[in-house]
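> Provided below for reference: sequence and predicted model.
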Amino acid sequence: MPSVEEKILNALLAAATGDAMGAVTEQRSTDHIIQRFNGYVTDLIPPPDDNLAHGNPAGLVTDDFSIAYYSAEDILSAGSRPTKELAEKSLIRWFGHPEYTRYIGPTTKKAISALMHEEKQVERTNILEIIEDQLLCNNSRATNGAGMKAGIIGLLNPGNVDRAIDEAIIFCTPTHNNTIALSAGCAIAAATAAAMSPGATYNDTIEAGIYGAAEGYRKALTTAAPVAGGNVEKKIKLAVKIGAEYRNQFDKAMRAISEIIGGGLFAYEAIPAVFGHIAACEGRIKDSVLMGVNGGDDTDTVACMTGYITGALSNSENFPDCYIEKIDKVNNFNLRAMAEKIANYIKEVE
Amino acid sequence: MDKRYDRILGCLVSAAIGDAMGCPLETRPVYLIKKDFGHGDFVYDYMTPLDDSIAKGMPRAAVTDDFSISYISAIYFLRDNGRITKENSTEAILKWKNGDDTKIFYEKYGGPSTRKSIAKIEGTPYDKSRDYLFCENKTATNGAGMKAWIVGLFNQGNIDKAIDDALVMCHISHDNPIALSGGTAVAAAVAAAFCNNATMDSVLEAGLYGARIGYEKALNIAKPSAGASVEKRMELAISIGRKYSDDFEGCITEMTDLIGTGLNANEAVPSAFGYAATDSSIMRTIYLAINSGNDCDTTAIMAASIVGSLRGANEIENIEYHINTLQETNKWIDFRKMANMIYDSTC
């Protein structure tokens, strides 16, 4: 059985790999991906010149994994449980890295600019932003940016699903303080925490994800901004049903999930898709992550989240070790050292 | 009353009711509509918008961009004897943006796709920073569906022509196959409501056909995009509508939770068909859609135009109340005159 540290390294490798591969396919549909790359993308390759990642080297991750990595560094060096202040500090530090900030989503962008202007009123000139600012419910903020980074919170809470949910809310509130985005963040944190339990099965992670979405939504209702949009918990259940219907039929499962659930920017698309892919692939790391990479739309985010959960589960072969060196080199990361530090943190920080 | 005239008037009035009733509730989730507007219950009438909504400052029973752009487009189609061309669709969109009666709707509600396309037409500056992208998934919005119902009235019974005309009208503002698929679905369904022996089932079938054929045709003319399928989600939404046809609250809950009624064409359009699939009265269909919140004015105008065409004005309860209320607030609307003109130009 893999050690805690091995499970963490597997999760970091699979999440970073999914993100870096997805950076190449992001925005395209499955058919566009097959056309452009002569088949599915299954390796770390350089991005095309017509998507957000243009000009970047193979293996460079996006905002998804990098925000989580920088945040983990700050939490580990503080040696405390995650706090709002630590999360804000990491966001500002991350914002100094232009290789990642080009990917920034609308919700994170607005939050960081508010943090950096320290409550100072930024004068708005764009009419659409002025209208958005007057709204009680800004539904365009119900995005997947909480889910994309919340996997790291799951790694810090092995087997402790409830604390993972609470800390995901703390961690994601500075950027995604709305009910639907937080519900989705809690689903990913809870599923990753469950996957870290010794002997966990992929069904355990799905159940924890459904529980996390429900609990996260219930808790966020009292603290976060209201928004209208799909129900993350119920859409996870639907995605899992579709995934199970086409279990081990890679192409059929992936296409059905993309067509009905979607894999887009909204939290109630990308996060349910993750669980659909896990159900279809029975939690196998490579199949599940590659389904995210090739399912189309916000592929880097879907594949990255899937990587945390299936990697932590560690019930199958992972991407090759040489990816660790490749990813470390182009991103200036040290995934092995990060895994070791998280393993120590788990033992020491209660 | 002549059945064809009754259907045209039914479509126009129902569409406006759905748009104007949905308007103040737009952006809210279901539970906040009940809390802030319905005193704990659902809403069954025109409300006055609150200051925390997009419609802030607009009077009770005002329509939005959805109905206004469709109505102005009809005027321009009529000038060309009912033909729908790129030229008259463009003239209409510019008249809508700059005309005294309707410019408020552009200023208040104009979405990102519509604003950008008008800027291109008028030669004013717009954000080009993302033009290099192969796919632009943010433009997969419901702005084609919200106005393409009017195309159905100019293609009564002619489903294939309705699809082609919807592509002509909507491609100007929505260069996206998912958005266009939403538009062709609605146009096809309204056109099908005018067929002899039309039933709700035949109208829904036409909608599914419109979504599929429209998507295939749009792939050849529009910028590529990734996103969930309008057609596949319509199938799921229709099954939800049928299953919960007698359960008002259950239908809204299931539809908003699983399909959604948001800005994207693959949410609002399928939900509109899902509510139509309950095969309810015109007003009950409208109540289902407006109480769904999020982009509920657009969901409601699409559902209402489909059901209104199939059932006709005769089946709108208290139609005089609605016509008077809507025409009093929106002085530029004359439902009967418009219905007569469309009646005369089509046969």
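That came in fine, so what should we check first? Computed from a prediction, not measured in an experiment: that's the story for all the values here.
> Okay, now the unreliable bits of the stretch 51-200 of chain A?
For the stretch 51-200 of chain A, applying pLDDT under 70 flags the ranges A:118-125.
> Residue of it nearest chain B, please.
In the stretch 51-200 of chain A, the residue that lies nearest chain B is A:Leu136 (3.8 Å; C-beta to the nearest C-beta). Placement of C-beta: from N, CA and C, glycine included.
> A:Asp298 is in contact with A:Leu265, isn't it?
Yes - with contact defined as C-beta atoms under 8 Å, A:Asp298 reaches A:Leu265; the gap is 5.5 Å.
> So which of those two has more stuff around it?
The neighbour count for A:Asp298 versus A:Leu265, taken as other C-beta atoms under 10 Å in any protein chain shown, is higher for A:Asp298 (29 against 22).
> Pretty sure A:Ala220 is one of the things A:Ile169 touches, is it not?
Yes - with contact defined as C-beta under 8 Å, A:Ile169 counts as touching A:Ala220 (6.5 Å).
> overlap in contacts of those two?
A:Leu182, A:Cys186 (C-beta atoms under 8 Å, 6 or more residues apart in numbering or on different chains).
> any idea how far chain B is from A:Ser3?
39 Å (C-beta to the nearest C-beta, to the nearest Å).
> Count the residues that sit near the residue nearest to B:Leu94 when sequence neighbours are not counted.
Leaving aside its sequence neighbours, B:Leu94 sits nearest to B:Ile121 (C-beta to C-beta, 6 or more residues apart in numbering or on different chains; 6.8 Å). Counted with other C-beta under 10 Å, residues neighbouring B:Ile121 total 14.
> quick one, what contacts the most centrally placed residue in chain A?
Closest residue to the average C-alpha location of chain A: A:Met148 at 2.2 Å, with C-alpha atoms, centre = their mean. A:Met148 is in contact with A:Asp63, A:Asp64, A:Ile67, A:Ala68, A:Ala270, A:Thr301, A:Cys304, A:Met305, counting by C-beta under 8 Å, 6+ apart.
> mind listing which of those are in strands?
With strands defined by DSSP state E, no entry of these lies inside them.
> Looking at those residues, spot the one nearest B:Ile93.
Using C-beta to C-beta, A:Ala270 comes nearest to B:Ile93 of those, at 33.2 Å.
> Just confirm that closest one contacts A:Gly145, I think it does.
No - between A:Ala270 and A:Gly145 there is no contact, the gap being 9.7 Å when judged by C-beta under 8 Å.
> More neighbours: which of those two?
Remark: of A:Ala270 and A:Gly145, A:Ala270 carries more neighbours, 32 against 28, as counted by other C-beta under 10 Å.
> what sits against the more buried one?
Going by C-beta under 8 Å, 6+ apart, A:Ala270 touches A:Asn144, A:Gly147, A:Met148, A:Ala184, A:Gly262, A:Gly263, A:Gly264, A:Asp297, A:Asp298, A:Thr301, A:Val302, A:Met305.
> 6 Å - rerun?
Applying C-beta atoms under 6 Å, 6 or more residues apart in numbering or on different chains to A:Ala270 gives the contacts A:Asn144, A:Gly263, A:Asp298, A:Thr301, A:Val302.
> Please check the residues you listed and keep the buried ones.
Using 16 or more other C-beta atoms under 10 Å in any protein chain shown as the burial test, the contacts of A:Ala270 include A:Asn144, A:Gly263, A:Asp298, A:Thr301, A:Val302 as buried.
> From chain B, how far out is the closest residue to the last one other than its chain neighbours?
What sits nearest to A:Val302 in space, not counting adjacent residues and going by C-beta to C-beta, 6+ apart, is A:Gly292, at 3.9 Å. According to C-beta to the nearest C-beta, A:Gly292 and chain B sit 13 Å apart.
> How many residues are close by the residue lying closest to A:Leu136 once chain neighbours are set aside?
In space, and not counting its chain neighbours, A:Leu136 is closest to B:Asp52: 3.8 Å by C-beta to C-beta, 6+ apart. Other residues within reach of B:Asp52, judged by other C-beta under 10 Å, total 13.
> Let's see the pLDDT reported for B:Asp52.
On pLDDT, B:Asp52 comes in at 96.
> re the thing from before, just curious, which of the buried ones among the contacts of A:Ala270 is nearest to B:Tyr132?
The closest of those to B:Tyr132 turns out to be A:Asp298 (C-beta to C-beta; 18.5 Å).
> My read is that the closest one contacts A:Gly262, right?
No - if you go by C-beta atoms under 6 Å, A:Asp298 and A:Gly262 don't touch, sitting 9.1 Å apart.
> Contacts only, for residue 212.
All of this refers to chain A. Applying C-beta under 6 Å, 6+ apart, we find A:Gly212 in contact with A:Ile165, A:Cys186, A:Ala187, A:Ala190.
> nope, chain B
Applying C-beta under 6 Å, 6+ apart, the residues near B:Arg212 are B:Glu231.
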